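Peer 1: Let's see this in three dimensions:
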Amino acid sequence: MERLVNQLLDSARLDVVALEKGEVVELNQVARAVATQLGPLAINAGKSIEVLPASTPVLINGSVDLLACAVRNLVENAVQHTAIGTAASIEISKPATLRVIDRGPGVKPHERELIFKRFWQGGRDRGGAGLGMDIVARSVAALGGSVSVEDAPGGGAVFTLQFPTLSLPVS
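Peer 2: Presented below is the predicted three-dimensional model:
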């Protein structure tokens, strides 16, 4: 119930989001913060979360809260769908890319666009209200980025968030 209420609030906030110019977000830091927040959830489910950071900071223009909301929704889904005894992975790379990888059943090719629609649930047996992936797509779009999903090597899904490279003001 708490997750549903939080998702409803996040969805409503996205309708009025206004990004502050000049705010810089470091992807490695956001990934670590989300993994720390959701670690107990994963452990209770017999799973884990691993962060595979880039070797150097990866900066984007945007909002820490907006990005964390998107990543949190992806990681919650990854923990839900990854197999017991495996890890949901958050991988950061340049240029400005964050991937969330699970070892679950994956996403069927014909569902890959549908999952980002508000209230789409696929099958009622999946649980949830169909808000998480919509929140991801809208959050990433507000940050000027894109989201895609494909098969993970060896099974599962890879959700890729791609952002524009950071443009710092010239001093």
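Peer 1: Find the nearest non-adjacent residue to the spatially most central residue of the chain, please.
Peer 2: Compute the mean C-alpha point of the chain, and by Cα atoms, centre = their mean the closest residue is residue 71, 2.8 Å away. Leaving aside its chain neighbours, residue 71 sits nearest to residue 34 (4.7 Å; criterion: Cβ to Cβ, 6 or more residues apart in numbering). The way it works is simple: take the backbone N, C-alpha and C, and place the C-beta from them, glycine included.
Peer 1: Double-check that the one you found belongs to a helix.
Peer 2: Yes. Checked against DSSP: H, G, I helix; E, B strand; the rest coil, residue 34 lies within a helix.
Peer 1: so it touches residue 72, yeah?
Peer 2: Yes. Between residue 34 and residue 72 there is a contact at 5.2 Å, judged by Cβ atoms under 8 Å.
Peer 1: so the closest residue to residue 33 other than its chain neighbours, which of the three states?
Peer 2: By the measure of Cβ to Cβ, 6+ apart, the closest residue to residue 33 outside its immediate chain neighbours is residue 68, 6.4 Å from it. Assigned with three-state DSSP, residue 68 falls in the helix class.
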